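Asker: Predicted model, plus sequence, below.
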Amino acid sequence: MSFCALGLCTELVNTVAEKGYITPSPIQQEAIPAILSKQDLIAIAQTGTGKTASFSLPILQLLADMPRPEPNCIRALIIAPTRELAAQVAQNVEQYSQNLKVRSTAVFGGVRIEPQKYALAQGVDILIATPGRLVDLYEQGAINFDLLEILVLDEADRMLDLGFVDHIHHIQKLLPEKRQTLLFSATFSKEIKTLANTMLSNPMTIELAKANDHIEKITQVLHPVDKERKNELLIHLIENNDWSQILVFTRTKRGADGLRNELEAKGIVAESIHANRTQQARTLALNGFRSGTIKVLIGTDLAARGIDIQQLPCVINI
Ligand code: AMP
């Protein structure tokens, strides 16, 4: 199976080849032809399955040959639950569109709204947004949905977990009824089925085997330890193992900051990422971790979903 056989145009086939993708992943094999045929789609797939490309590539193709959108109009809207995820999807879309004349931009909270309004005023083909900032921009007259053709809900179950259901329904009412809607979710709960019933029409459903089927490739170790000595043990493990990057999950934001301070005191470069940190700090932390200047990234469940870090060697739940 090749990307070409899925019906993708030469520009996109070349782009994925440049990215080093050799064969389409299972979700890509199923979703790309379905999306190109303009069907609504429910895809139950987790991060790491190649799901971002599975919707970005066909959307780019569907929008590629159309004239540039009018100011403030958008033609495809991708809604993601967190700022980090919106930024990551936007980065992917931008890379995949390198050989095409399609304009994309990301909007999310925690950063100035004016540059986002300016970008929208130029006309944007694909907008990647978090729900709150999207509603703000609409209410300030910066977005017009009249020409919208495609809506994607990415990590829809996470969106519901984070309490965005009202935002989603509010946004839905603003969109043209005739559109293509794609819903991606890691789980297929009753709530997701209800959401899908209200937002999609006649959808095709793709349910992939869990990405966790790869779990045999992961070695899991449990260290029983008293609660008050957890950080001490963690520092011992970091100092005595050859881990290049370590992602640590804590239960609370305070726990994340406390651990960061203890690690820093030991000379271990660490950063925390959670909802109380500014967006600039969150972005710097994630970029530093990706590039290797930050050895330990400590997050709450904000960082637990969707973030793609190549070859991450070690994850610790504390
Ligand atoms: P995602 O599930 O969208 O978060 O993607 C996970 C990772 O897989 C990303 O780093 C993509 O660049 C990569 N990827 C996506 N599709 C393919 C493919 N067909 N072959 C190899 N890598 C891929």
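Answerer: Arrived safely.
Asker: any idea which helix or strand carries the residue of the stretch 51-200 of the chain found nearest the ligand?
Answerer: For the stretch 51-200 of the chain and the ligand, the shortest gap (C-beta to the nearest ligand atom) falls at Thr52, measuring 3.2 Å. All C-beta atoms are positioned from the backbone trio N, CA, C, and that covers glycine. Taking DSSP states H and E as the definition, one finds Thr52 inside helix 51-64.
Asker: check contacts around Leu233.
Answerer: The contact partners of Leu233, taken as C-beta atoms under 8 Å, 6 or more residues apart in numbering, are 223, 225.
Asker: Quick one: name whatever helix or strand follows the helix or strand hosting it.
Answerer: Per DSSP H and E: Leu233 is located in helix 230-240. Note on helix 230-240: by DSSP H and E, the next helix or strand toward the C-terminus is strand 246-249.
Asker: Could you list the contact residues of the stretch 1-150 of the chain toward the ligand?
Answerer: Residues of the stretch 1-150 of the chain lying near the ligand by C-beta under 6 Å from any ligand atom: 21, 24-25, 28, 47-53.
Asker: Ala106 touches Glu84, doesn't it?
Answerer: No. When contacts are counted by C-beta atoms under 8 Å, Ala106 is not listed as touching Glu84 (10.7 Å).
Asker: show me where the stretch 201-318 of the chain has strands.
Answerer: 204-207, 246-249, 270-273, 296-299, 314-317 (DSSP state E, counting those that start in this stretch).
Asker: out of the ones you listed, which comes closest to the ligand?
Answerer: Taking the strands of the stretch 201-318 of the chain one by one with C-beta to the nearest ligand atom, strand 204-207 is closest: 13.7 Å.
Asker: Show me which residues of the closest one are buried.
Answerer: 204, 206 (16 or more other C-beta atoms under 10 Å).
Asker: Check which helices and strands it sits against.
Answerer: Packing partners of strand 204-207 (3 or more C-beta pairs under 8 Å, 6 or more residues apart in numbering; DSSP states H and E): helix 26-36, strand 41-44.
Asker: and Glu232, what pLDDT?
Answerer: Glu232 is assigned 94 on the pLDDT scale.
Asker: returning to that earlier point: and the residue of the stretch 51-200 of the chain closest to the ligand, how many neighbours?
Answerer: Residues lying near Thr52 (other C-beta atoms under 10 Å) number 25.
Asker: so how far is Ile168 from it?
Answerer: 19 Å (C-beta to C-beta, to the nearest Å).
Asker: Which residue of the chain lies farthest from its centroid?
Answerer: Asp226 (35.4 Å; C-alpha atoms, centre = their mean).
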